[in-house]
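**Student:** what's the 3D shape of this:
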Amino acid sequence: MTEMQTITIAKGDGIGPEIMDSTIKILKASGVPLQYEEIDVGEKVYLSGNTTGISEEAWATIRKNKAFLKAPITTPQGGGYKSLNVTIRKTLGLYANVRPCKTFRPFIPASCKDFDMVIVRENEEDLYAGIEYQQTNEAIEAIKLISKPGSERIIRYAFEYAKVYGRKKVTCMSKDNIMKHTDGMFHATFKQIAKEYPEIEAEHSIIDIGSARIAANPEDFDVIVTLNLYGDIVSDIMAQVAGSVGVSGSSNVADGRAMFEAIHGSAPDIAGQDIANPCGLLHGAILMLDYLGMSDYARKIESAALCTMEEGIHTADLYQEGISTRKVGTKEFTQAVIERLGKSPKNIKVRSRNASAINFKMSELIKEEKTLIGVDLYLDWSEDGRDAGVLGDAITGLTSDKFSFDLITNRGVKVWPGTMPETYRSDQWRLRFKSANGKINNNDIINLMSKVTEAGYDIVKTDNLYNFNGKRAYSLAQGE
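**Tutor:** Numbers count the residues shown, from 1 in each chain. A predicted model of the protein is given here:
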């Protein structure tokens, strides 16, 4: 007999309460041994004055239980509110976002061949770290933060997932032809780890053509592993190509804790009308049951939902004349699924399952020799017609024998020495200085900054330049 477990649930906003009630009703009807602790998160918590959207008591409940089933939530516009979805994922270290997706033709029409694919998306880093600054009137920056341990962890998870679920291929997607250090490291880590899984085919695709391939030929893919922003985009492409974003769920996984949800939003425009499709959150719950070691119940519920779908009993978002047999509301769809518990679909294949947990050991991180070789100083400067030559000549007179003044860039493009009049210049300028005579230290950089500042220039940002194990660890300028 399966042991009773307690999970945390949040009904969320918009259609959230309706589809959560539907999902819990199906779970209870299936006999799954679960108890539920409900918390409030989302819009009403935000608007009560808690700008995080979640209370300390709710955090305690989430942390106490192994699984958290969350309905869609609304982040109020304006007021400096941060996305609670991102906050929960990062605070709890839920590093892997896993989104299975498959076609359900002919019951949900799709403009492609049948496919059954999984996106494994890094969930904590990349541009979704949300680190942004405005330092001049015209220029705003966002930091793309990628770590070696974060990359290894998500890539190992993808290969282990493929092994546990009998998948044959893992495709890495990145943009390392442009992002040579961040995406470049991710791709290099993928190639290194792939050698440890010779039984699984490994390939790499540049993200732009890879996204086009997903849209055109999704059946060519099995498991895709990628960075945070890219994963967010391609998983929605994948769901839409399959026919509907309304039927897909996702898991957000860490060691010993996970959150499960639908991939769609809170849809406040149809809230309370008994027309919402609960399948997305129900599939999130099915993933949760697999995670909790309750795969027999997961199979039972998934089979009933697929039976309902293939019999043409559809909510309004999926209803089509000639395909559907009955248009139903949320409550009627829920009852139809419950009536089919114990039945198996005739035409749609239920996902294969394996009770093995996904476990792996991280590599020991080897510390590299780090050498400071220079600094980039960023200026807010718009005087003298933004003439890079004027700025270059002025700064040249400020350098000491410690540094060589190599170049000026604007928006990443080299504009001094040598410039083209067609190159647009904003008011943010990057000045690159390198060691002229061997080693330098941070005090040398501080002295250089003092000279530049005393000359009347506004330094808004600095980045130190390093070599690691003698290899350049910073990007060249465009045109350098």
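**Student:** count of residues packed around the residue lying closest to N277 once chain neighbours are set aside?
**Tutor:** Spatially, and ignoring its direct neighbours in sequence, N277 is nearest to T315 (4.2 Å; C-beta to C-beta, 6 or more residues apart in numbering). The C-beta positions use only the backbone N, C-alpha and C, and glycine is treated the same way. For T315, the neighbour count with other C-beta atoms under 10 Å is 21.
**Student:** ok, T315 touching I275?
**Tutor:** Yes: T315 lies in contact with I275 (C-beta atoms under 8 Å); the separation is 6.4 Å.
**Student:** what's the overlap in contacts for these two?
**Tutor:** Both T315 and I275 are contacted by G329, T330, under the criterion C-beta atoms under 8 Å, 6 or more residues apart in numbering.
**Student:** hang on, the earlier thing: how much space between the residue nearest to N277 and G246?
**Tutor:** 8 Å (C-beta to C-beta, to the nearest Å).
**Student:** likewise for A67?
**Tutor:** For A67, the distance to G246 - C-beta to C-beta - is 23 Å.
**Student:** what segments of the stretch 351-480 of the chain are strands?
**Tutor:** Assigned by DSSP state E, counting those that start in this stretch, the stretch 351-480 of the chain shows strands spanning 370-380, 403-410, 413-416, 428-435, 458-468, 471-472.
**Student:** how about the stretch 1-150 of the chain?
**Tutor:** Here the stretch 1-150 of the chain has its strands, by DSSP E, counting those that start in this stretch, at 5-10, 34-39, 67-70, 96-102, 116-122, 132-134, 140-142.
**Student:** what lies in contact with the fourth one?
**Tutor:** If I follow you right, that is strand 96-102. Contacts to strand 96-102, defined as C-beta under 8 Å, 6+ apart, come from residues 89, 114-123, 153-154, 157, 161, 231, 235, 238-239, 242, 248-254, 263, 287, 351.
**Student:** which of those residues are buried?
**Tutor:** Using 16 or more other C-beta atoms under 10 Å as the burial test, those include 89, 115-123, 153-154, 157, 161, 231, 235, 238-239, 242, 248-254, 263, 287, 351 as buried.
**Student:** show me the shaky parts of the stretch 301-450 of the chain.
**Tutor:** By pLDDT under 70, the weakly predicted segments of the stretch 301-450 of the chain are 354-356.
**Student:** now with 90, please.
**Tutor:** Residue ranges of the stretch 301-450 of the chain with pLDDT under 90: 318, 320, 322-323, 346-360, 365-366, 385, 397-401, 418-423, 437-439.
**Student:** domain ranges for the chain?
**Tutor:** Annotated domains of the chain cover 1-110+243-358, 120-220, 370-472 [automatic domain parsing].
**Student:** will you turn those domains into TSV that also has distance to E364?
**Tutor:** TSV is the format used below for these (distance: least, C-beta to C-beta, whole Å):
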stretch	distance to E364
domain 1-110+243-358	18
domain 120-220	11
domain 370-472	16
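**Student:** those: which one's closest to Q478?
**Tutor:** Checking these against Q478 by C-beta to C-beta gives domain 370-472 as the closest, at 4.7 Å.
**Student:** next, the distance between the ends of the closest one.
**Tutor:** 10 Å (C-alpha to C-alpha, to the nearest Å).
**Student:** again with stretch 167-187
**Tutor:** 20 Å.
**Student:** how far off centre is it?
**Tutor:** On the basis of C-alpha atoms, centre = their mean, to the nearest Å, stretch 167-187 is displaced by 14 Å from the centre of the chain it belongs to.
**Student:** cool, and stretch 134-148?
**Tutor:** With C-alpha atoms, centre = their mean as the basis, stretch 134-148 stands 18 Å off its chain's centre.
**Student:** can you name the residues in contact with that stretch?
**Tutor:** So stretch 134-148 is contacted by 125-127, 129, 131-133, 179, 182-183, 185-186, 189, 227, 365, 378, 380, 382, 411, 426-428, 460-461 (C-beta under 8 Å, 6+ apart).
**Student:** which positions in that stretch come out as buried?
**Tutor:** Using 16+ other C-beta under 10 Å as the test for burial, stretch 134-148 gives Q135, T136, A139, K144, L145, I146.
**Student:** check stretch 206-219 too.
**Tutor:** In terms of neighbour count (16+ other C-beta under 10 Å), stretch 206-219 has its buried residues at I206, I207, G210, S211, R213, I214, P218.
**Student:** same check, this time on stretch 263-277
**Tutor:** Across stretch 263-277, burial judged by 16+ other C-beta under 10 Å covers I263, H264, G265, S266, A267, I270, A271, I275, A276, N277.
**Student:** of those residues, which belong to helices?
**Tutor:** Among the buried residues of stretch 263-277, none falls in helices (DSSP state H).
**Student:** find the pair from the residues you listed with maximum spatial separation.
**Tutor:** Longest span within those, C-beta to C-beta: I263 and I275, 18.8 Å.
**Student:** so who does the residue most central in space within the chain touch?
**Tutor:** For the chain, the residue nearest the mean C-alpha position is N228 (3.1 Å; C-alpha atoms, centre = their mean). Contact analysis of N228 by C-beta under 8 Å, 6+ apart lists R121, E122, N123, E124, E125, D126, L127, Y128.
**Student:** so what's it closest to, chain neighbours aside?
**Tutor:** Using C-beta to C-beta, 6+ apart and skipping the chain neighbours, the partner closest in space to N228 is D126 (3.6 Å).
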